[in-house]
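1. My questions are about this predicted structure, shown below with the sequence.
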Amino acid sequence: MEVYLNSSVAFYALWAIILLSAFMVVHAREVFHSALFLALMFIGVAGVFILLEAEFLAVIQVLIYAGAVTVIILFAVMLTRRDGGLDRLGVDINKMKMISALIFVLALVGIVITGELFSEKGYVSGTAGAIAEEMFSKYIIHFELIAILLLAAMIAAIYLARRGDSEGSE
Amino acid sequence: MIPLEHYLFLSSILIAIGGYGVIVSRNAIRVLMCLEIMMNAANINLVAFSRYLGDVSGQVFVTFALAVAAAEAAVGFALILLIYRMYGTVEISVLKKLKL
């Protein structure tokens, strides 16, 4: 019962975080802020995955969405603005460095503390093995197709992004 | 256990916000961000059903969807850079060459 209560409190908190940040992605005045709210939404979705006992997907979600995709978006935002970068947002970079370092340390401490709690209860299960078995037996064709798709997308992205330079030099 | 419907509510509201954002945004980058929101909503659905049906296939497809989303983001933002080089802006209202 207590576990149910905790997980449902967490779920509805994530509900609010995800929906509010998704709304802010649409309505933030600065595109840069939209991108940061998008990262918050990705992390919220990762939390939902953990509640659904899909720990592997939660890790992948944080790595690929909150990590890679957000970085690509931030690059796109910064490369397509003419009027300065962070200066225009009126942000004190040094203060932000301190705050983010503090958050990182707090997060590490949190991981250590909660990690002990979870391992005492024998919480860690993980679905990576089951996913791998399905992926490499039943869905092997899909897996190969995704590999080809990623290669094609990589070549296309490099080609598209580089063409401007070669046009300039020709 | 949280009822399945609540996950479905979450993902349906999320996909509605994403669709709304795709329609009202005038910045091409923000349109792509809203597409990512919609993909996440679909992923929540897949994982929720995978959990409640006890079938891991849904999670396999979310893994594939993640790869597709990464590919889409890379190509999409390369296109946005091209648009910026050609027009000097990323407002999608400048893209009207195909309009009659």
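-> Yes, it's here.
2. Point me to the residue of chain A nearest chain B.
-> A:A153 (3.4 Å; CB to the nearest CB). The C-beta positions use only the backbone N, C-alpha and C, and glycine is treated the same way.
3. Now B:I37. Nearest residue, chain neighbours left out?
-> Counting by CB to CB, 6 or more residues apart in numbering or on different chains, the nearest residue to B:I37 once its immediate chain neighbours are dropped is B:G18, at 3.8 Å.
4. Please look at that neighbour and B:I44 and confirm they touch.
-> No. Counting by CB atoms under 8 Å, no contact exists between B:G18 and B:I44, whose distance comes to 11.8 Å.
5. if I pick the residue of chain A closest to chain B, what's in contact with it?
-> Under the criterion of CB atoms under 8 Å, 6 or more residues apart in numbering or on different chains, the contact list for A:A153 reads B:A70, B:A71, B:E72, B:A74, B:V75.
6. Could you give me the buried positions within stretch A:63-79?
-> Residues of stretch A:63-79 classed as buried by neighbour count (16 or more other CB atoms under 10 Å in any protein chain shown): A:I64, A:Y65, A:A66, A:V69, A:T70, A:I72, A:I73, A:L74, A:A76, A:V77.
7. Output those of those also counted as contacts of chain B.
-> Applying CB under 8 Å from any CB of the partner chain to these, one finds that A:I64, A:Y65, A:V69, A:I72, A:I73, A:A76, A:V77 fall near chain B.
8. biggest separation within those, which pair?
-> A:I64 and A:V77 (18.7 Å; CB to CB).
9. quick revisit: on the three-state scheme, the closest residue to the residue of chain A closest to chain B other than its chain neighbours is what?
-> When the adjacent residues along the chain are set aside, A:A153 lies closest to B:A71, with 3.4 Å between them (CB to CB, 6+ apart). Per DSSP: H, G, I helix; E, B strand; the rest coil, the local secondary structure of B:A71 is helix.
10. Tell me which stretches of chain B form helices.
-> Assignment of helices within chain B using DSSP state H yields the ranges B:4-24, B:28-53, B:57-87.
11. That should have said chain A, apologies.
-> Remark: helices of chain A, listed N- to C-terminal, are A:2-27, A:31-51, A:55-60, A:70-79, A:93-120, A:128-135, A:140-169; assignment by DSSP H.
12. got the buried residues for the third one?
-> Spelled out, it's helix A:55-60. For helix A:55-60, burial by neighbour count (16+ other CB under 10 Å) applies to A:E55, A:F56, A:L57, A:A58, A:I60.
13. Using PDB, list the CA coordinates for that helix.
-> Taking Å, rounded to 0.1, in the frame of the first residue of the first chain, the C-alpha atoms of helix A:55-60 are listed here in PDB:
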ATOM      1  CA  GLU A  55      14.500   0.900 -16.500                       C
ATOM      2  CA  PHE A  56      16.500   0.200 -19.700                       C
ATOM      3  CA  LEU A  57      14.300   2.500 -21.700                       C
ATOM      4  CA  ALA A  58      14.500   5.200 -19.000                       C
ATOM      5  CA  VAL A  59      18.300   5.100 -19.300                       C
ATOM      6  CA  ILE A  60      18.100   5.200 -23.000                       C
END
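14. Quick one: mean pLDDT over it.
-> The predicted model assigns helix A:55-60 a mean pLDDT of 89.
15. what's that helix packed up against?
-> If contacts are counted by 3 or more CB pairs under 8 Å, 6 or more residues apart in numbering or on different chains; DSSP states H and E, helix A:55-60 sits against helix A:31-51, helix A:128-135, helix B:57-87.
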